[in-house]
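S.K.: Mind looking at a prediction? Sequence and model below.
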Amino acid sequence: MKNIKYLIQLLVLGSIILATSCKKDSENISKTTYYPVFTYNGDHFISIPIGGTFTDPGVTALLDGKDWPITKTGSVDISTPGVYRISYSSINPDSFSISDYRYIGIIDPGAASKDLSGKYFRTSNGDSAFVTKIAPGLYLDSNVGGSPGFEIPVFFFQTTDSTIEVPLQTTLAGSLQCANAELTATGFQWVVINGNFGTSTRVFEKQ
């Protein structure tokens, strides 16, 4: 009788272990999901003179080697100076999405004729930043924060004689943009919006 009870206990214990193992196996089943891969025509940042024409160069997407649909949002008013964002997004069969962007700066004649390129220094620490003119009203700044040892380049637009804008963009420090961006008599200033930077206004003067 003791042997029978012992055997029953072993069978029950074995059933519990087997059930637990099956449950764990089912929970650990994984599935591979594929994301669309975007291919850009043209640039992420484009400069257009006010009153000019803009035709979206377009973006294509491939999912596991096959063409995949893209949703585009945003518009451009070529009659009004400013920075306009075109967003592209795509969703895979498992409902995971990816997105990307393109910025179009509509530049008035006053801004187009200016050249902000050159070497600047941050007034609080003397660290330098180099600004390169890419196109009328479109620039690349080599060191958005004026931070030694942490030089993060960003694109920015000058859309009017007195207006500059650093739109939200993907950088080496993650998503970044600048608030309160403005030109000064000797350079420019802005507040960098990114977790790696403080909230103080960074003032740059041209050398």
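M.R.: Sure thing, it's come through. Numbering: from 1, shown residues only.
S.K.: ok, now which ones touch the nearest residue to residue 56 once chain neighbours are set aside?
M.R.: Nearest residue to residue 56, sequence neighbours excluded (C-beta to C-beta, 6 or more residues apart in numbering): residue 86, at 6.3 Å. Backbone N, C-alpha and C define where each C-beta goes, glycine included. Going by C-beta atoms under 8 Å, 6 or more residues apart in numbering, residue 86 touches 56, 72-76, 101-104.
S.K.: let's see it at 7 Å
M.R.: 56, 72, 74, 101-102, 104 (C-beta atoms under 7 Å, 6 or more residues apart in numbering).
S.K.: Show the buried residues in those.
M.R.: Among those, those buried by neighbour count (16 or more other C-beta atoms under 10 Å) are 56, 101-102, 104.
S.K.: Quick check: the farthest pair among those residues?
M.R.: With C-beta to C-beta as the measure, no two of these lie farther apart than 56 and 101, at 12.0 Å.
S.K.: Could I get the full set of helices for the chain?
M.R.: 2-27, 109-112 (DSSP state H).
S.K.: Which ones among the contacts of residue 86 lie within strands?
M.R.: 72, 101-102, 104 (DSSP state E).
S.K.: Which strand residues bridge residue 47?
M.R.: Under DSSP bridges, the beta-bridge partners of residue 47 are residue 105.
S.K.: So the protein: which segments form each domain?
M.R.: What automatic domain parsing lists as the domains of the chain is 44-107, 109-206.
S.K.: first vs last residue of the last one, how far apart are they?
M.R.: To tie it back to what came earlier, the one meant is domain 109-206. 23 Å (C-alpha to C-alpha, to the nearest Å).
S.K.: Which pLDDT value belongs to the spatially most central residue of the chain?
M.R.: Closest residue to the average C-alpha location of the chain: residue 170 at 2.7 Å, with C-alpha atoms, centre = their mean. We have a pLDDT of 95 for residue 170.
S.K.: Run through the bridge partners of it.
M.R.: Beta-bridge partners, per DSSP bridges, of residue 170: residue 175.
S.K.: and the gap between it and residue 55?
M.R.: Look at residue 170 and residue 55: by C-beta to C-beta, to the nearest Å, they are 24 Å apart.
S.K.: and what of residue 31?
M.R.: Counting by C-beta to C-beta, the gap from residue 31 to residue 55 is 40 Å.
S.K.: Where does the prediction get shaky in the chain?
M.R.: Scanning the chain for pLDDT under 70 picks out 1-30.
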